[in-house]
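# here is the input, now give the coordinates:
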Amino acid sequence: STDDNKKSTNTTEIPFSISHLSSNMSDFAAPLVLAILAIFMSAIVKYMQGLIDDAKIEVRDNDRGTTQSEISPHNSKTTIIDNFLDDGNLLSKKLQDKNKWLECHEIEYQWWDGKSEPKNMWEELSKEIWSSRPEFHDAVGFEYWCNVVKEGQELPWHIDKDEDAMREFNKLVTPLFGAVYYGFNHDGQYDGGRLWLPYAERDEDPREFESLRKNELTEIDANFNRLVYFNASLWHRVSDVTSGVRYTFAVNALKTLPKRLASA
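Sure, this is the predicted structure:
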């Protein structure tokens with residue numbers, strides 16, 4: 001009964017001794033120590049994994065032939081080559097025609113198989129970009145396009161993929177590797193539009209890198225005549241263009257034939 005419980009509670013003596021207290025503390029401390037050890041070991045594992053995953057950004061200047069390396073938070077090899085095309089290169093001169101960029105930007109889809117002779121300046125540029133890379137021999141071909149981003153615009157977070165395969169079969173098919181080239185000379189009339197490469201896996205929310213995890217973000221300026229190789233299969237975006245117009249040539253090495261070509 002309730003009264004019996006009250007009586008029992010009031011009359012029960014609780015024995016107290018130092019040894020009893022020590023025993024209780026030991027019972028409490030053991031799982032606490034184990035929890036602390038688990039957290040510590042988890043931190044060590046993450047740190048070691050970070051050392052393995054963290055790649056280097058390799059920055060090369062074609063004019064000087066020097067190489068500078070720095071640790072990148074991005075978990076795939078990213079290579080930046082400045083002064084990619086020589087000043088006297090005929091292709092570089094062609095790329096200064098703004099109308100060519102605008103025309104390229106309007107074309108829905110462009111493809112070069114990597115084996116036939118380039119039939120336009122963009123395929124010439126694709127060959128120039130990829131011919132010295134191992135992906136050139138592994139790829140079934142190259143998907144390319146131009147982005148013209150005006151002041152006040154941006155490119156949101158995305159992963160490069162076969163859009164048709166995703167839309168029709170909900171299947172994620174990504175490229176071997178990606179490249180972007182800033183081949184139009186803005187002559188100082190441009191600002192913003194940085195390429196953002198976070199240390200983020202596909203199942204992570206990349207928006208966290210805009211504030212909370214910005215220290216884990218690599219930001220790359222769209223400098224004229226700069227070529228950037230990066231893993232386009234992971235999250236990336238282009239920040240706001242704050243002035244001028246950003247002209248970019250993008251070309252991905254693909255490991256499988258795009259669905260739109262395979263079904264043609």
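
# so where's the stretch 1-150 of the chain uncertain?
Within the stretch 1-150 of the chain, the segments meeting pLDDT under 70 span 1-31, 33, 35, 38-76.

# what are the ranges of the helices in it?
Ranges of helices within the stretch 1-150 of the chain are 2-11, 18-53, 90-94, 98-106, 121-130, 135-138, based on DSSP state H, counting those that start in this stretch.

# so which residue is dead centre in this structure?
For the chain, the residue nearest the mean C-alpha position is residue 197 (3.9 Å; C-alpha atoms, centre = their mean).

# part of a helix, is that one?
No. Residue 197: not assigned to a helix; according to DSSP: H, G, I helix; E, B strand; the rest coil it is strand.

# quick check: closest non-adjacent residue to residue 128.
Distances taken as C-beta to C-beta, 6 or more residues apart in numbering put residue 91 closest to residue 128, at 6.7 Å, once the chain neighbours are dropped. Heads up, the C-betas are built off the backbone N, CA and C, glycines and all.

# residue 121 is in contact with the one you found, correct?
Yes. Using C-beta atoms under 8 Å, residue 91 makes contact with residue 121 at a distance of 6.4 Å.

# go ahead and confirm residue 194 touches residue 220.
Yes. Residue 194 is within contact range of residue 220, at 6.1 Å (criterion: C-beta under 8 Å).

# which residues touch the closest residue in space to residue 207 that isn't next to it in sequence?
Spatially, and ignoring its direct neighbours in sequence, residue 207 is nearest to residue 157 (6.8 Å; C-beta to C-beta, 6+ apart). Contact partners of residue 157, counting by C-beta atoms under 8 Å, 6 or more residues apart in numbering, are 206, 207, 235, 236, 237.

# tell me the two of these that are most distant?
Farthest apart among those by C-beta to C-beta are 207 and 236. That separation is 13.0 Å.

# those two: who's more crowded?
Under the criterion of other C-beta atoms under 10 Å, the comparison of residue 207 against residue 236 puts residue 236 first, with 24 against 15.

# tell me, how many residues neighbour residue 144?
Applying other C-beta under 10 Å, we find 22 residues neighbouring residue 144.

# for it, name its beta-bridge partners.
Beta bridges link residue 144 to residue 110, residue 251, judged by DSSP bridges.

# looks like it contacts residue 113 (just checking).
No. Using C-beta under 8 Å, residue 144 makes no contact with residue 113, being 11.8 Å away.
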